[in-house]
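Q: Just to be clear, the model below is a prediction. Sequence and coordinates:
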Amino acid sequence: MREQTDIKSMTLPELEEWLMGLGEKKFRAKQLYQWLHIHHVTDFEEMTNLPAALRKKLRAQARLTVLREELVQISRMDGTRKYLFALQDGNMIESVLMKYKHGNSVCVSSQVGCRMGCRFCASTLDGLVRGLTASEMLDQVYRIEDSIGERISNVVVMGSGEPLDNFEELVRFIGLLSDENGLHISQRSITVSTCGLVPQIRRLADMGLQITLALSLHASSQEKRQELMPVARSFSLEEVLAACQYYFEKTGRRITFEYSLVGGINDTKEDAVRLAELTRGMNCHINLIPVNPVKERDYAPSDQREICNFKNFLEKYGRNVTIRREMGQDIDGACGQLRKRFLER
Ligand code: SAH
């Protein structure tokens with residue numbers, strides 16, 4: 001049997017070419033594209049302005065990627081929603097909706113599992129299963145938008161997986177997500193978070209996108225970073241920061257540094273001072289996140305006073321700092337926990 005074509009991962013020009021290859025008229029591509037990316041249909045039969053013969057052809061040759069909502073948990077504290085979606089091959093992924101005053105933000109997963117091995121993270125505990133296709137990343141946003149009946153204005157690729165370890169599909173996803181013929185989310189409202197794959201950061205910088213890069217730093221010395229993040233053995237702190245600086249120079253986009261505060265591990269005054277030194281002269285923003293405890297690991301968050309002190313030190317050095325408001329605390333906060341719990345059941 002012929003492989004079915006993943007039409008939801010295709011750009012409009014690609015779709016035009018593909019349909020013409022099937023002997024169809026070019027204008028059909030725009031109609032199909034709108035069914036996929038504006039109306040988010042879940043069945044070819046809903047594509048009512050396409051002739052029945054074309055719908056039949058599509059059913060035979062094309063795959064319509066649609067995620068199935070397996071479970072949704074809604075926080076009573078702040079309305080955050082955590083979704084567990086089933087992919088068509090039976091794998092499970094998580095996505096999160098966060099409601100802010102400035103709009104709705106969706107946190108998408110980029111892989112099933114992860115192979116980066118960060119010590120405090122639940123997503124990596126069972127390793128990588130596979131990368132998601134662009135259509136599977138997109139459909140997380142579409143399903144959530146449809147489920148709440150409100151527009152999504154921001155997307156952060158901070159769910160399970162390492163987005164830069166799934167580079168081609170990630171870039172395709174960003175292109176489709178920001179396409180004016182689709183959801184048209186501004187690239188400036190898209191953030192990609194990475195544990196620091198240096199060659200891919202540089203490659204991304206060279207693509208001339210306007211997305212925000214968030215770098216998971218989590219330590220201010222090479223030694224401590226290596227302890228928390230095995231990926232740091234492949235790329236030194238110096239190389240990672242140089243790549244971030246390069247990203248800023250190429251794109252003009254301010255870098256976000258994410259720093260999860262782990263009690264007694266990376267939250268001392270010395271850590272704060274070193275972090276301030278490391279980021280000297282960089283156009284950046286530091287996001288402090290109290291580490292979310294994961295039951296398989298024995299890391300605990302720093303206490304409130306430690307966190308405030310850490311922030312104050314950085315501010316004394318003139319750094320731009322925020323403490324990330326923890327959302328959805330009552331619904332399996334940390335990435336990967338919901339999926340893991342579900343699989344264990
Ligand atoms: N792989 C990417 C994106 C996914 S993780 C990356 O590493 O950036 C998104 C963010 O959540 C990263 O900063 C990651 O380090 C952080 N994170 C993972 N588990 C966490 C936990 N238990 N508590 C706090 N932050 C966590």
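A: Arrived safely.

Q: I'd like to know how many residues surround Thr212.
A: Thr212 has 21 neighbours, counted by other Cβ atoms under 10 Å. No exception for glycine: its C-beta is placed from N, CA and C like everyone else's.

Q: One more: Ala60?
A: Ala60: 11 surrounding residues under other Cβ under 10 Å.

Q: Verify the stated contact: Ser147 with Arg68.
A: No. With contact defined as Cβ atoms under 8 Å, Ser147 does not count as touching Arg68 (11.9 Å).

Q: Can you tell me the element the closest residue in space to Met10 that isn't next to it in sequence falls in?
A: Residue nearest to Met10 in three dimensions, not counting chain neighbours: Trp18, with 6.6 Å by Cβ to Cβ, 6 or more residues apart in numbering. Using DSSP states H and E, Trp18 sits in helix 12-21.

Q: got it, and Gly90?
A: Counting by DSSP H and E, Gly90 is part of no helix or strand.

Q: ditto for Ala214
A: strand 212-216.

Q: how distant is that strand from the center of its chain?
A: 11 Å (Cα atoms, centre = their mean, to the nearest Å).

Q: picking that back up, who's in contact with the helix holding Trp18?
A: Residues from elsewhere that reach helix 12-21 (Cβ atoms under 8 Å, 6 or more residues apart in numbering): 5, 7, 10, 25-26, 28-30, 32-33, 179, 181.

Q: near the ligand, which residues of the stretch 151-300 of the chain?
A: Listed as neighbours of the ligand in the stretch 151-300 of the chain under the rule Cβ under 6 Å from any ligand atom: 158, 162, 193-195, 216, 258, 260, 289, 291-292, 294.

Q: Now secondary structure, neighbour count and pLDDT too, for the contacts of helix 12-21, in TSV please.
A: Shown next, in TSV, are the contacts of helix 12-21 (DSSP: H, G, I helix; E, B strand; the rest coil; neighbours: other Cβ atoms under 10 Å; pLDDT from 0 to 100):
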residue	secondary structure	neighbour count	pLDDT
Thr5	strand	16	97
Ile7	helix	22	98
Met10	coil	23	98
Lys25	coil	11	98
Lys26	coil	12	98
Arg28	helix	20	98
Ala29	helix	22	98
Lys30	helix	14	98
Leu32	helix	27	98
Tyr33	helix	21	98
Asp179	coil	15	98
Asn181	coil	13	98
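
Q: So which of the residues you listed is the closest to His40?
A: Here the nearest of these to His40, counting by Cβ to Cβ, is Tyr33; it sits at 11.9 Å.

Q: Gly182 is in contact with the closest one, correct?
A: Yes. Here Tyr33 reaches Gly182: they are 7.4 Å apart, a contact under Cβ under 8 Å.

Q: which of the contacts of helix 12-21 sit farthest apart?
A: Lys25 and Asp179 (21.3 Å).

Q: Between which two of the residues of the stretch 151-300 of the chain next to the ligand is the distance greatest?
A: Between all members of these, the farthest pair (by Cβ to Cβ) comes out as Thr194 and Val294, at 20.0 Å.
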